[in-house]
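>>> sharing a sequence plus its predicted fold:
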Amino acid sequence: MKSIYQRIEALIAERGMTKKAFCQQLGISTGNFGDWKRGKTTPGTNKLIEIATFFDISLDWLMMGRTPNREMVNEKQESYFFDNLGQLNCQIAQLSEQEKVFILDYVEFAAYRKKKKKKEDKNNGS
């Protein structure tokens, strides 16, 4: 089974880029990239989203090496809770920094999925 680094490396090669150019374009230090190769660290959530968006691939494939099974995903295509429930029952000051980062990461991920869905719909002629 390939590692996240090996999948990233394969994507870089497919695109005909150098690892240095990839790092420069995504703001990754070569030291961090080397740590990913050695298995010392892995990319953070924000960076994984950025890499998946850059290569126009799914996070599922990037992280796990598997193509998402559309039949397994049973997600309703309706508005998220902001539209359905109005304001959340919490104040931002009550959230920890970790909770705030998680929410922002999720919002980025949701925006990525929406963009990808629009692109797929466009390609399918919907």
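Yep, that arrived. Numbers count the residues shown, from 1 in each chain.
>>> so how far is the longest helix seen in the chain off the chain centroid?
In the chain, assigned by DSSP state H, the helix with the most residues is helix 97-123. Put simply, helix 97-123 sits 8 Å off its chain's centre (Cα atoms, centre = their mean, to the nearest Å).
>>> what of stretch 111-125?
For stretch 111-125, the distance to the chain centre is 15 Å (Cα atoms, centre = their mean).
>>> residue 42: what secondary structure?
Classification of residue 42 using DSSP: H, G, I helix; E, B strand; the rest coil returns coil.
>>> gap between the residue nearest to the spatial centre of the chain and residue 113?
The chain has residue 49 as the residue nearest its centroid, 2.2 Å off, counting by Cα atoms, centre = their mean. Using Cβ to Cβ, to the nearest Å, residue 49 is found at 10 Å from residue 113. In short, each C-beta sits where N, CA and C put it, glycine included.
>>> repeat for residue 101
For residue 101 relative to residue 113 (Cβ to Cβ), the value is 19 Å.
>>> what about residue 11, how many neighbours?
19 (other Cβ atoms under 10 Å).
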